[in-house]
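Participant: Give me a 3D structure for the following:
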Amino acid sequence: MTGEKFLLAVLLFPYAVGLAAEPSDKLSLTTKLADSGFVRSVKDYGAVGDGKADDTAAIEAAVKAGVGVVYFPTGSFRLTHSVIVDLDSYGRTSLVGGGTACIIMEGTGPAFHFRGTHDGTGDPDSVRDPVWQRQRMPIITGLEILGAHPESIGVRLEKTMQATLTNLLIRRCKIGVHLVQRNRNLLIDHCHIYHNRQIGIDFDRVNLHQAIISASHISYNPLAGVRLLGGQMRNFQIVGNDIEYNYDPNNSGSADILIDMSPAGSSFREGTIVGNTIQAIPSPGGANIRFLGGKNLEVGGLLTITGNLIGSQTYNVHLADCRGVTISGNSIYSAAEHSLWLENCANMVISANSIDWNPDHKKKYLVDGILIEKCRGVTVANTIIENSFQGSSESGGAIDVRASEDVAISNCQVLDFMYRGITLTDTVRCHITGCSVIERRRKPAPGASIQVKSGRDNLIADNIINSGGLSVAEGTATIRDNLEITSQN
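Facilitator: This is a model prediction of the structure:
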């Protein structure tokens, strides 16, 4: 077997798993696949791969031949315009490399545009037979795509079913992976979506259910690492990734993860952001995670943010016009403004988070804190926040609740705050119970542990506070069984 066919056999070995009972049979099967007409190198169609020749026509010919697996050997392959992979016309198509091929996209638009015809849902009964027979599960693996034009895009997916992207490096494109129209059952795994010009992975007004982004490095994309803009999104998982330094110091509104459902007709439900490292550098209006819902709380909901490390931005987590979001078990740190900022949200659970700051900085200088405004039905429980600078000498505190109803703050520890511990302003039926809101320093800040400035039917009970640490306007709250302490460490 030639060296190239041996490499093909190695690459195709995973596809043979399950097709043969014994390892020797699998090796034989992959060898036969490599020798068959179902795998062809782009060099068989005239590609040069020297980084100088225009290989666009040769790669197009390889795709149009309908051989199934189009293989890219070691080399640098120049494209001057997009290669359209028309799945309905050419049949099941995968692009395969061994990690040693670089696709240099010198034109505008996507290097590879996978175009299908799937117009159903994720329900198997909605998938038409031609999609199963000719289009399902296009695979792109083992390639680098380098954007050499400011308007280049790595991969575009349109009306695909079960597209699977693995082991890719996409860099210096305007957008790394671009999804449009309708797609179903997407997998992006073990990829480096790194140092692109605007966005790493962009769900652009797409109707998409069942998408998983996992075990990938999505970093240094200045507008957003992962952006969901409009469309109809369901069953979305971002799990186990490193999503870092997606920020722009010269422009406002960057985010590591941005879910923007504010365009009319958009909706998002049933998502998870779990087990990721998400961190950046404070930038104008920037956020690690930002979720913008729609009017009347009808389109932004049912999201879990759990078990992540989230830090070093202007806002760590910013949610606006959302409902049904759970934020639990995260380590959140070093926010230049707010660690958690909830605006006009409902039915939110904030539980068992640590809000801290990076001691490597030696001196605390970022703000940190929780701001809840114009919300209804929020639980903040079992969360610890230390040394928050949130607020000012005039108003506000480490946990600041404004113009909200039915907010429950329970079993939290608010320690060593600069101005005040917990503040309620224009609140109705809010309660602070079972919390430790104390200054432990020798020269504590002069502000109240708990302040209620205005509102009605609030409850302040069973808390541990500093001596004289209550500041409650008359008629705004019921006060009972709080323990005032005089000693500090």
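
Participant: what sits against Asn482?
Facilitator: Going by CB atoms under 8 Å, 6 or more residues apart in numbering, Asn482 touches 460-465, 470. Quick note: C-beta positions are derived from backbone N, CA and C, even for glycine.

Participant: measure the residue nearest to the spatial centre of the chain to Thr272 for me?
Facilitator: For the chain, the residue lying nearest the average C-alpha position, counting by CA atoms, centre = their mean, turns out to be Ile257 (3.8 Å). According to CB to CB, to the nearest Å, Ile257 stands 12 Å off from Thr272.

Participant: Tell me where the stretch 251-400 of the chain has helices.
Facilitator: Secondary structure of the stretch 251-400 of the chain (DSSP state H, counting those that start in this stretch): no helices present.

Participant: Same question for the stretch 101-250 of the chain.
Facilitator: Along the stretch 101-250 of the chain, the stretches classed as helices by DSSP H, counting those that start in this stretch are 129-134.

Participant: where exactly do the strands run in it?
Facilitator: Per DSSP state E, counting those that start in this stretch, the stretch 101-250 of the chain has strands spanning 109-115, 139-147, 152-158, 164-166, 169-171, 175-189, 192-194, 199-214, 217-219, 224-229, 232-239, 242-244. These are given in chain order.

Participant: and Leu303, which of those strands is closest to it?
Facilitator: Shortest distance between Leu303 and the strands of the stretch 101-250 of the chain, using CB to CB, is found for strand 232-239: 8.6 Å.

Participant: Dump that closest one to PDB, restricted to CA.
Facilitator: Presented in PDB, the C-alpha positions along strand 232-239 are these (Å, rounded to 0.1, in the frame of the first residue of the first chain):
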ATOM      1  CA  GLN A 232     -36.000  29.500  16.200                       C
ATOM      2  CA  MET A 233     -33.600  27.600  18.400                       C
ATOM      3  CA  ARG A 234     -34.400  24.400  20.500                       C
ATOM      4  CA  ASN A 235     -32.400  21.700  22.300                       C
ATOM      5  CA  PHE A 236     -29.000  23.500  22.300                       C
ATOM      6  CA  GLN A 237     -26.000  22.300  24.300                       C
ATOM      7  CA  ILE A 238     -22.600  24.100  24.800                       C
ATOM      8  CA  VAL A 239     -20.700  21.600  26.900                       C
END
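
Participant: Quick one: end-to-end distance for stretch 77-92.
Facilitator: 22 Å (CA to CA, to the nearest Å).

Participant: how distant is that stretch from the center of its chain?
Facilitator: 29 Å (CA atoms, centre = their mean, to the nearest Å).

Participant: Stretch 462-476 now?
Facilitator: Relative to the centre of its chain, stretch 462-476 is centred 40 Å away, using CA atoms, centre = their mean.

Participant: I'd like the mean pLDDT over that stretch, please.
Facilitator: The average pLDDT within stretch 462-476 is 94.

Participant: tell me which residues of that stretch are tucked away?
Facilitator: Judged by neighbour count (16 or more other CB atoms under 10 Å), stretch 462-476 contains these buried residues: 462-466, 469-470, 472, 476.

Participant: Turn these into JSON lines, columns for secondary structure and distance to Ile238.
Facilitator: Supplementary listing: the buried residues of stretch 462-476 in JSON lines, determined by DSSP: H, G, I helix; E, B strand; the rest coil; distance: CB to CB, whole Å:
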{"residue": "Asp462", "secondary structure": "coil", "distance to Ile238": "38"}
{"residue": "Asn463", "secondary structure": "coil", "distance to Ile238": "37"}
{"residue": "Ile464", "secondary structure": "strand", "distance to Ile238": "38"}
{"residue": "Ile465", "secondary structure": "strand", "distance to Ile238": "39"}
{"residue": "Asn466", "secondary structure": "strand", "distance to Ile238": "41"}
{"residue": "Gly469", "secondary structure": "coil", "distance to Ile238": "41"}
{"residue": "Leu470", "secondary structure": "strand", "distance to Ile238": "42"}
{"residue": "Val472", "secondary structure": "strand", "distance to Ile238": "42"}
{"residue": "Thr476", "secondary structure": "coil", "distance to Ile238": "41"}
